[in-house]
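Enquirer: sharing a model that was predicted from the sequence below.
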Amino acid sequence: MAVSVVLRAGRPALLALLAAAVGVAFVVAALLVVWDNGLVAGPAMILVAYALSLADNGPGLDWTAPLIGAGLVVVVELGSWSLELRDGAEEQPLRRLPAIALLLAASLAASALVLAMGAVHPAGGIALWTVGALAAIGVLVLIRRPPTSEDVGRG
Amino acid sequence: MTLLTTPRLRAAVWLTAAGLFAALAVGRAELVAVIVPFALLAVAGLQNRRLHTPAGSLRLDRHRVRQGDRVDGELELQSQTATDRLEVRLALPPGLVVERDDLCAVALRAGESVTFDLTLRCERWGAYSDARVRVRRYDRLRLLADEHDIELGKTLRVHAERIALRAVARPHETEASVGDEVSRAKGEGIELAELRPFVAGDDLRRINWRATARAGELVVNQLHPERNTTVVLLLDVLTDIGSERGAPLDQGVQAASALAERYLARRDRVGLLAVGGGLRWLRSGSGATQVHRIADTLLEIRALVAAGSEPRLLSIPLRTIPPKALVLVLSPLLEDAIVRTVLELRGRGFDLAVVEIPPLPYLETKGQDAEVAVRLLRLERDLLRSRLRARGIAVVEWSEDRSLEATIRAMEEFRRRARVVHA
C-alpha cells in the first residue's frame, strides 16, 4: 500500500517516500517486537505519505482514496489481531474473519460515500471548511481525555 | 477493574485527528474519505465505556501442602453478556509455578460459563494469598478491553520440607511443670541423683536397702525430677538472599519447624521470635495447637524481610523471652544487628545457642575477585564465631555436608563442654 501511495505521486516525491518507509518500518517493528504504538504511528505515517502524494497529484479527485482507507483499516485490524493472538491463542480464530470482511466492506462504503459527497461539491467553500474545523475540534475534545486506564469499578 | 484501550482504538483516534488536520491543511476531500472508517470506529469506541465484568472463581483442591507438592485447581468463568474474546492469564507470586494449564482465549455467549483446569507446583514455602488470575475481556469491536483480577478464594499455605529430628539442645534450667527433661534439681522423679542418709519424713519406699546394708544406717535415693523446658526460637529474617539452590531463610524456617515439632513432642514449651524489618513473636506454649501456630507464623515471616537500611539495634521486648528459656538463634549471621542482639541477650544472662546457616553456598562466587572476597568472608566469619564462643555462646554451622541432627548434636556437645560464662 505504501508503494502504491508513493507511485501515485506524479514524480517520485522524496518526502512521501520517506514517510511511507518510516510508516512501514513502524508497522513491521510493531509486529516483530510486539509494540502496540507502532500500529498507531505506522498507519499515521502512511496517511501523511498519502497526503504528500496528493499534493503532487493535481486538482482532480483521487477515486482510489476509499481503497487507501480500507487498506489502512486492514493494516490496523490484522496487526492488532496478530498482537492479540500472541497474548493467547483463540479457540476458533477463523470466526473473526467474517467480522473483518464486514468491517472492510463498511469502510469502503463509508469512504466512497464521503468521496462522492466531496465530488458533488468539490470546492465546498466556507461550509466545508466549517464542518472540517468542527470535526477537528471534536476529535481534539475526544482525545483530550483518553480512557487508557480508567477505574470504572468505583462508579 | 481497569479499562484499557486497544491499539485499534488508539490508531482510529490518532488517524482521525491526523487525517482531519491534513485535509484542512492540504484542502483535499480524499483525506477525509480515507479517515472516515477510523472516525466511525473512534466514535463507537469512545461511546462504549461500560463492559460487563464476567464473574469467576479460582479454586484449589488443597490449601495446605508441603514444598514441592502439586496442587490441582480449576478456574470457572461466567459471562452475563456475549463476548468475542476473553483472555485468561495466571499472575502468580514467585514460589508458585504453573505446571499445566489449558488456559486460552475464549468466546462466550451470554450466560455461558467455561472451566479451565490447572496444576500449580509449590516451589517455595509461604502463605500465598496473592495468587490470581487476570481476565481481559474485549468489546464486540475489540476497541476497548476491561481487565480485572480473580483472586484465590482461600490462602494457599505451603509448608517447608519436613526434617525429622531426634536430637535437641537441652536448656541449662528447667521449668516447674512435668516434662521429659531430667532436671538438675532434686525431687520426685525416676533418674537417680545421689544417695543420702535417711531423715525423718522421708518416704520409706525410697530407702536403698543395698546401700543401707553396706553403710549400716538407713540410706535413701535422691532423684532428679523430670521437668519441661522453655525454648525460644529466634529466627533471623533480616535478609533473604538466595539463588535457584535456595536461601538461608529457607533453611532457617526448616530448622525452626523441625525444632519446634521436636521440643513440643517432648512436652516442652516453645516460643518463636522472628526479627527482620519488624518483629513478630509467638508466646511460648505447648501442645499440638502450638505446632500449628508456629507453622502458620513461619509461613508469613517473609513479609518481615528487612528492606533498605539495616536497623542499628533490634529491640526485643523482655517479656517475649521467659527467664529460664533457651534461646536458639537460627541465622546466617550476616547482619551486624543480629550479632549485636545475640551479644545483648547473652549480656542479659539468657541461655543462648546459635545455629549458623552459612550463606556462602547461596552466593555466586565466580572470578578471581570473588574468590578473594569469599576467603575474606570466611576469615571474618571465623573471627565472629570465636568472638561469640568466647562469650559462652555455642555457635554451630549447619553446613551442606551435615544434617540438622548432626548440627544439633554438635551444639549439645559444645554446650556440655563449654564453661558457662555469665557476663
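Expert: Nice, thanks for sending it over.

Enquirer: if I look at B:L77, how far off is B:L234?
Expert: Computed as Cβ to Cβ, to the nearest Å, the B:L77 to B:L234 distance reads 46 Å. Any C-beta I mention is one placed from the backbone N, CA and C, and that applies to glycine too.

Enquirer: between these two, who's got more neighbours?
Expert: Using other Cβ atoms under 10 Å in any protein chain shown as the criterion, B:L77 and B:L234 rank with B:L234 on top: 27 against 23.

Enquirer: which element is the more buried one on?
Expert: Here B:L234 sits within strand B:230-236, counting by DSSP states H and E.

Enquirer: ok, and what's touching that strand?
Expert: Contacts made with strand B:230-236 from outside it, assessed by Cβ atoms under 8 Å, 6 or more residues apart in numbering or on different chains, are listed as B:171, B:175, B:252-253, B:256, B:259-260, B:263, B:268-276, B:284, B:294, B:298, B:301, B:320-322, B:324-333, B:335, B:338.

Enquirer: show me what B:W281 is bridged to.
Expert: For B:W281, the beta-bridge partners are B:L273 (DSSP bridges).

Enquirer: that one is in contact with B:T320, isn't it?
Expert: Yes: B:W281 sits in contact with B:T320 when judged by Cβ atoms under 8 Å, with a separation of 4.5 Å.

Enquirer: in contact with B:Q67, which residues?
Expert: Contacts for B:Q67 (Cβ under 8 Å, 6+ apart) come out as B:122-125, B:158-161.

Enquirer: could you report the neighbour count for residue 73?
Expert: Picked chain A for this. By the criterion of other Cβ under 10 Å, A:V73 has 26 neighbours.

Enquirer: nope, chain B please
Expert: Residues within reach of B:G73, counting by other Cβ under 10 Å, total 19.

Enquirer: need phi/psi at it.
Expert: Backbone geometry at B:G73, expressed as degrees, to the nearest 10, gives phi -160, psi 180.

Enquirer: ok, what's across the strand from it?
Expert: With DSSP bridges as the rule, B:G73 is bridged to B:L60, B:L118.

Enquirer: please apply the same query to B:V114.
Expert: So, taking DSSP bridges as the rule, B:V114 has B:L77 as bridge partners.

Enquirer: surely it and B:E74 touch.
Expert: No: the pair B:V114 and B:E74 fails to qualify as a contact (Cβ under 8 Å) at a distance of 10.5 Å.

Enquirer: which of those two has more residues huddled nearby?
Expert: When neighbours are counted by other Cβ under 10 Å, B:V114 and B:E74 differ, and B:V114 comes out ahead with 18 against 13.

Enquirer: mind listing what the more buried one touches?
Expert: Residues in contact with B:V114, defined by Cβ under 8 Å, 6+ apart, are B:76-78, B:106, B:108.

Enquirer: can you check the pLDDT for B:E194?
Expert: At B:E194, the predicted lDDT confidence score is 81.

Enquirer: so which strand or helix has it?
Expert: Here B:E194 is assigned to strand B:191-197, by DSSP H and E.

Enquirer: now the helix or strand following that strand: buried residues?
Expert: With elements assigned by DSSP H and E, the helix or strand that comes after strand B:191-197 is helix B:209-215. Judged by neighbour count using 16 or more other Cβ atoms under 10 Å in any protein chain shown, the buried positions of helix B:209-215 are B:T212.

Enquirer: now do the helices in the chain.
Expert: This is for chain A. Defined through DSSP state H, the helices belonging to chain A, from first to last, are A:2-8, A:14-32, A:38-55, A:65-87, A:97-120, A:125-144.

Enquirer: correction: the question concerned chain B.
Expert: B:7-26, B:29-47, B:209-215, B:248-265, B:288-299, B:336-347, B:368-390, B:404-417.

Enquirer: nearest spatial neighbour of the spatially most central residue of chain B, chain-adjacent residues omitted?
Expert: Of all residues in chain B, the one closest to the mean position by Cα atoms, centre = their mean is B:L299, 3.9 Å from it. The shortest distance from B:L299 to any non-neighbouring residue, by Cβ to Cβ, 6 or more residues apart in numbering or on different chains, is to B:A127 (4.2 Å).

Enquirer: with adjacent residues omitted, what lies nearest to whichever residue of chain A sits closest to chain B?
Expert: Per Cβ to the nearest Cβ, A:G118 is where chain A lies closest to chain B, at 3.1 Å. Using Cβ to Cβ, 6+ apart and skipping the chain neighbours, the partner closest in space to A:G118 is B:A29 (3.1 Å).

Enquirer: the one you found: how many residues sit nearby?
Expert: The criterion is other Cβ under 10 Å. On that basis, B:A29 has 24 neighbouring residues.

Enquirer: what do you get for B:P37?
Expert: Count around B:P37 with other Cβ under 10 Å applied: 27.

Enquirer: burial count for the nearest residue to it once chain neighbours are set aside?
Expert: Counting by Cβ to Cβ, 6+ apart, A:S107 is the residue found nearest to B:P37 once chain neighbours are left out, at 3.6 Å. A:S107 is flanked by 25 other residues according to other Cβ under 10 Å.

Enquirer: low-scoring stretches of chain A, by residue?
Expert: Per-residue confidence for chain A (pLDDT under 70) gives these ranges: A:1-12, A:56-57, A:89, A:91, A:120-125, A:127, A:143-155.

Enquirer: in chain B, which residue sits closest to chain A?
Expert: B:A29 (3.1 Å).

Enquirer: A:P59 is in contact with that residue, correct?
Expert: No: counting by Cβ under 8 Å, B:A29 sits too far from A:P59 to count as a contact (11.3 Å).

Enquirer: okay if I get the contacts of B:V114 as TSV plus pLDDT?
Expert: Conversion of these to TSV gives the following (pLDDT from 0 to 100):
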residue	pLDDT
B:E76	87
B:L77	86
B:Q78	85
B:V106	81
B:L108	81
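
Enquirer: quick one: which of those residues is most hemmed in?
Expert: Neighbour count (other Cβ under 10 Å) singles out B:L77 as the most crowded of the contacts of B:V114, with 23 neighbours.

Enquirer: that residue: what's it in contact with?
Expert: Listed by Cβ under 8 Å, 6+ apart, the contact set of B:L77 reads B:54-56, B:86, B:88, B:108, B:113-116, B:135, B:150.

Enquirer: if any of the residues you listed are buried, put those into a PyMOL selection.
Expert: Applied in PyMOL, the following selects the buried portion of the contacts of B:L77 according to 16+ other Cβ under 10 Å:
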select buried, chain B and resi 54+56+86+88+108+114+116+135+150
